[in-house]
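Asks: With the input below, show me the fold.
(4 chains)
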2 protein chains.
Amino acid sequence: MEFKNIDSFNPKECISGKMMRLNRMTANIFRKHLKPFGITDSQLTLLFVLTKRNNLNQKELSDITVLEKSSLNRNLKRLIDSELVSKSSFPIIRITEKGKILVNTIIPEWEKAMAEIKALLESDGISALDTLMNKLMN
Amino acid sequence: MEFKNIDSFNPKECISGKMMRLNRMTANIFRKHLKPFGITDSQLTLLFVLTKRNNLNQKELSDITVLEKSSLNRNLKRLIDSELVSKSSFPIIRITEKGKILVNTIIPEWEKAMAEIKALLESDGISALDTLMNKLMN
DNA sequence: TCAATAAAGTTGTATATACAACTTAGTGTA
DNA sequence: TACACTAAGTTGTATATACAACTTTATTGA
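Replies: Numbering: from 1, shown residues only, chains lettered A, B, ... in the order given. As a prediction, the model looks like this:
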């Protein structure tokens, strides 16, 4: 049986495939650094946003983080269970004092993760990432 | 309470955060196009690899796709359940005839997804992605 | 004000992913 | 060959993520 499409296409070009791989490699580096704190990169991203902006609801958070509302809702649930985030002023989501302390504590280790990935990316890799962000974050 | 680290850091720089967002946006586009075929982008990546290389074991597949061995094992399991992949020549993993037919059928739609994402990325976005791949894939 | 509609938030379900621990298969050396 | 060791593969468990369907909250028009 012949497969004309298969014979002529080049799967290595796949942009989704590349993006998934890059994401896994990056996540592996950050996960390693965050492990001692019992928090994930995705959760840390939310804490980071909430550290700087204290009047967001779930819709706004999901827009900022490009997370589907149900995904966001569940990620928040875990942070609430850990008492790092509070829904007590619903619908506004706020980081707790405990959350702020954790973020403040993690930052030095986050900077180590950043240094590790930056060493791999070098300056042109870092600006390549910004190029992609500018293209896709319309 | 004061948080020196929080006051001075810039969470928007976070490379992991950027990568996760880019990955979600890209995945959203591909998922939309692949939906009619009942297959995911991650599964399609595996079929793509197996379409071109027919003598790989799980270890080799996990290296190529940058997937932890247990993740790979489970992704394969789903493909085996769908009879798109076969483990009958263990430990070698092979795509089945059904799998090849599906890939051949999907390729035109995959090309549409590629066109959509390429239109957003433009040529400098596309080369930015390659820059990142070159940096991280050692 | 109240009913209709829209928006935001929640829950069910499925795949994706990784780490840890375990089992099976393979290798090498005495 | 047999035993020890290593590599590959599998399973348990937890988080991440999205879509669909549902509930709750907010908005708007009569």
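Asks: Sketch out the strands for chain A, chain order is fine.
Replies: Applying DSSP state E to chain A gives strands spanning A:85-86, A:94-95.
Asks: what does the last one contact?
Replies: Strand A:94-95 has contacts (C-beta atoms under 8 Å, 6 or more residues apart in numbering or on different chains) with A:47, A:50, A:51, A:54, A:84, A:85, A:86, A:88, A:103. In this view, the C-beta of every residue, glycine as well, is placed from N, C-alpha and C.
Asks: Report the two of these separated the most.
Replies: For those, the farthest-apart pair by C-beta to C-beta is A:88 and A:103; their separation is 18.8 Å.
Asks: Could you list the residues of chain A in contact with DNA strand C?
Replies: Neighbours of DNA strand C within chain A, by C-beta under 7 Å from any atom of the strand: A:20, A:24, A:27-28, A:31-32, A:57-59, A:62, A:69-70, A:73-74, A:76, A:87, A:90-91.
Asks: Just the buried residues of the residues you listed.
Replies: Those of the residues of chain A next to DNA strand C that meet the buried threshold are A:20, A:24, A:27, A:58, A:62, A:76, by 16 or more other C-beta atoms under 10 Å in any protein chain shown.
Asks: Quick check: the gap between the fourth one and residue B:137.
Replies: In this case it means residue A:58. Distance, residue A:58 to residue B:137, by C-beta to C-beta, to the nearest Å: 36 Å.
Asks: And for the fifth one?
Replies: Note on residue A:62: its distance to residue B:137, by C-beta to C-beta, is 31 Å.
Asks: Over to the last one?
Replies: For residue A:76, the distance to residue B:137 (C-beta to C-beta) stands at 34 Å.
Asks: For the spatially most central residue of chain A, list the residues it contacts.
Replies: Centroid-nearest residue in chain A: residue A:42, 4.4 Å away (criterion: C-alpha atoms, centre = their mean). Shown in contact with residue A:42 (C-beta under 8 Å, 6+ apart): A:75, B:20.
Asks: what about the helices in chain A?
Replies: Assigned by DSSP state H, chain A shows helices spanning A:4-8, A:15-34, A:41-52, A:58-65, A:69-81, A:97-136.
Asks: As JSON lines, those with distance to DNA strand D would be great.
Replies: Output for those, formatted as JSON lines (distance: least, C-beta to the nearest atom of the strand, whole Å):
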{"stretch": "helix A:4-8", "distance to DNA strand D": "24"}
{"stretch": "helix A:15-34", "distance to DNA strand D": "8"}
{"stretch": "helix A:41-52", "distance to DNA strand D": "4"}
{"stretch": "helix A:58-65", "distance to DNA strand D": "7"}
{"stretch": "helix A:69-81", "distance to DNA strand D": "3"}
{"stretch": "helix A:97-136", "distance to DNA strand D": "13"}
